[in-house]
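Chemist: Give me coordinates for this.
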Amino acid sequence: MADIIKLRTREHLTPQLRPDLQTKRPAMMVAQIGARMHYAVPEIFQAAGCLDHFYTDVSAGAELQAISRLMPRTLQPQLFRRFVARTPRVERAKTTALNPFGLAYALRRAMCRSPTQETAIDLWAGRRFCEQIVAKGFGAAGAVYVFNSAGLEIEIAAHERGLGIILEQTIAPRRIGAEVIAREAQKFPGWEPPSAQDELTETFAAREQAEWHKADLILCGSSFVRDGIAACGGPVERCLVLPYGVDNTPAARRTIRPGGRLRVLSVGQVGLRKGSPYIAAAAKRMQRDAEFRLVGPVALAPAAQADMARHVTLTGSVPRAELHAHYRWADVFLLPSLHEGSATVVYEALAAGLPVICTHNTGSIVTDGREGFIIPVCDADAIVDRLTRLQDPGLRETMSKQALATALRGSVGAYGERLLAALQHLPV
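Modeler: Presented below is the predicted three-dimensional model:
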């Protein structure tokens, strides 16, 4: 089985797909918590004419959107703005949103004060989401498409009915992540709160493993994810590496600033998993030459947050629609993650024409030295070295042009063709 299905790319997916992809496909039922990849999976299946039904936790109706238009943005709570943004472009007749469940999940998640509590809520949500969908039935679906930690009960019921089962493993296994975080916590004591240890890691990992063994096909966003499944004793022979895509049209050209301090952007949770201590170390060393901005929720102990804020601008969480302004501000995108799947923010940064510095563990489509740099994990020296090189406007311009070209490979259209081609690996 090939690691990556190589197909020609184009910027947007349309219902009229290439003739060689017009093969018989099963009717797909998709079950998805959250707006992952802007609902790309159900929208791709709908465009291809093979979506039977789409289940999700929240979908903003016309009434909520009307309220949003009437209410001044400054008065809209962040949770309200996030809910309004949850509008999949899928036919309403084919969409079931479990809104009461979605609201309960969001409120419980907001009240969590430790990773153990978060995992407990995620485990509850995964089970409850699946149970409600199984109770509603599978309609005319010939196969189901589920996501890690929120698919097991659906898989069990689908298997009993003889349906095909696709599982998307969105991130490297939890057990791998726990080992990474444990090592980092020893290296950076006091960086995250004392309650940062997750006591339910093994329970979560057991659920992931059960999902792997029920699936006919496991889609992995990167080789890092596939290798993590192999390291955990999972059925790697059922894994297929399938790079993602985002619904961003690459910019025609990016204006390269000729001088001034280098503007460095990172997007994602500020904490050990994203390699934030190494960003902080680089920012301290480069404060005269570069300014750093981190966009995302902050998961730091107060003292560590205060120390980091002296060298880095921490914006906190912002709605996804507001990220584009941050990409336009930046000269370089930096994501030295230790544990990912295939970070979609990297695809977005490429589409914005930004040179990218990331690690292999980020699971990106970046090639070292072409549209950016691949650096070792846990290496602040490497970050400083690559950022120093990128102070050269000529190098930034060359890499920016290549980033825009590579972004076509990371478009939602290209991803759609890869995803549809992957259906041929389902057992007949």
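
Chemist: Next SSE downstream of the helix or strand hosting residue 117?
Modeler: According to DSSP states H and E, residue 117 maps onto helix 115-136. Heading C-terminal from helix 115-136, the first helix or strand you meet, by DSSP H and E, is strand 143-147.

Chemist: Can you tell me the strand partners of that following strand and which way each runs?
Modeler: With DSSP bridges as the test, strand 143-147 is paired with strand 28-32 (parallel), strand 164-169 (parallel).

Chemist: Let's see the shortest one as CSV, backbone CA atoms only.
Modeler: Okay, so that is strand 28-32. Only the C-alpha atoms of strand 28-32 are listed here, as CSV (Å, rounded to 0.1, in the frame of the first residue of the first chain):
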residue,chain,number,x,y,z
MET,A,28,-20.7,7.6,3.2
MET,A,29,-21.9,8.5,6.7
VAL,A,30,-19.6,11.0,8.4
ALA,A,31,-19.6,11.6,12.1
GLN,A,32,-17.5,14.5,13.3
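
Chemist: Show me what the helix or strand just after it is packed up against.
Modeler: Next along the chain after strand 28-32, taking DSSP H and E as the criterion, comes helix 40-47. Packing partners of helix 40-47 (3 or more Cβ pairs under 8 Å, 6 or more residues apart in numbering; DSSP states H and E): strand 28-32, strand 51-56, helix 412-422. (Each C-beta comes from the backbone N, C-alpha and C, glycine too.)

Chemist: If you drop the residues flanking it in sequence, what lies closest to residue 270?
Modeler: residue 298 (4.5 Å; Cβ to Cβ, 6 or more residues apart in numbering).

Chemist: Residue 274 versus the one you found, what's the distance?
Modeler: 11 Å (Cβ to Cβ, to the nearest Å).

Chemist: For the helix or strand residue 218 falls within, which strands pair with it and how are they oriented?
Modeler: Element membership for residue 218, per DSSP H and E: strand 217-220. Here strand 217-220 is paired, per DSSP bridges, with strand 164-169 (parallel), strand 239-241 (parallel).

Chemist: Tabulate those (JSON lines), appending mean neighbour count, mean pLDDT and distance to residue 184.
Modeler: Compiled in JSON lines, the strands paired with strand 217-220 are given as follows (neighbours: other Cβ atoms under 10 Å; pLDDT from 0 to 100; distance: least, Cβ to Cβ, whole Å):
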{"stretch": "strand 164-169", "mean neighbour count": "24", "mean pLDDT": "98", "distance to residue 184": "22"}
{"stretch": "strand 239-241", "mean neighbour count": "22", "mean pLDDT": "97", "distance to residue 184": "26"}
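
Chemist: now what about stretch 221-240, what contacts it?
Modeler: Stretch 221-240 is contacted from outside by 1-3, 5, 169-173, 175-176, 205, 209, 212-213, 215-220, 241-244, 340-342, 360-364, 422, 425, using Cβ atoms under 8 Å, 6 or more residues apart in numbering.

Chemist: how many neighbours does residue 56 have?
Modeler: When counting by other Cβ atoms under 10 Å, one arrives at 25 neighbours for residue 56.

Chemist: Tell me if I'm right that it and residue 99 touch.
Modeler: No: look at residue 56 against residue 99 with Cβ atoms under 8 Å: they stay out of range, at 9.3 Å.

Chemist: Which residue ranges of the protein form strands?
Modeler: 28-32, 51-56, 95-97, 143-147, 164-169, 217-220, 239-241, 262-267, 290-295, 312-316, 332-335, 356-359, 372-375 (DSSP state E).

Chemist: Need the pLDDT of residue 258.
Modeler: For residue 258, the pLDDT comes out at 85.

Chemist: how near is the spatially closest residue to it that is not a sequence neighbour to residue 112?
Modeler: Closest residue to residue 258 apart from its sequence neighbours, by Cβ to Cβ, 6+ apart: residue 393 at 5.3 Å. Going from residue 393 to residue 112 by Cβ to Cβ gives 44 Å.

Chemist: picking up where we left off before, can you add distance to residue 378 and give the strands paired with strand 217-220 back as a markdown table?
Modeler: Conversion of these to a markdown table gives the following (distance: least, Cβ to Cβ, whole Å):
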| stretch | distance to residue 378 |
| --- | --- |
| strand 164-169 | 24 |
| strand 239-241 | 24 |
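
Chemist: Count the neighbours of residue 425 for me.
Modeler: Number of residues near residue 425 (other Cβ under 10 Å) recorded here: 16.

Chemist: my read: residue 324 touches residue 352, true?
Modeler: Yes: contact criterion Cβ under 8 Å: residue 324 and residue 352 qualify, at 7.5 Å.

Chemist: of these two, who's got more company?
Modeler: residue 352 (23 against 13).

Chemist: list the contacts for the nearest residue to the more buried one once chain neighbours are set aside?
Modeler: Residue nearest to residue 352 in three dimensions, not counting chain neighbours: residue 327, with 3.8 Å by Cβ to Cβ, 6+ apart. Residue 327 makes contact with 265, 333, 348-349, 352, 354 under the criterion Cβ under 8 Å, 6+ apart.

Chemist: Which single one of those is nearest to residue 50?
Modeler: Nearest to residue 50 among these: residue 348, at 27.1 Å, using Cβ to Cβ.

Chemist: residues in contact with that closest one?
Modeler: Counting by Cβ under 8 Å, 6+ apart, the residues that residue 348 touches are 246, 248, 267, 323, 327.

Chemist: Of the residues you listed, select the buried ones using a PyMOL command.
Modeler: Here is the PyMOL selection string for the buried members of these, based on 16 or more other Cβ atoms under 10 Å:
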select buried, resi 246+248+267+323+327
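
Chemist: quick check: domain ranges of the chain?
Modeler: 19-247+411-425, 262-409 (automatic domain parsing).

Chemist: low pLDDT regions in the stretch 51-200 of the chain?
Modeler: For the stretch 51-200 of the chain, applying pLDDT under 70 flags the ranges 61-85, 194-196.

Chemist: should've said the stretch 201-350 of the chain
Modeler: Applying pLDDT under 70 to the stretch 201-350 of the chain flags residues 249-253.

Chemist: go with 80
Modeler: Segments of the stretch 201-350 of the chain classed as low confidence (criterion: pLDDT under 80) are 247-254, 320-321.
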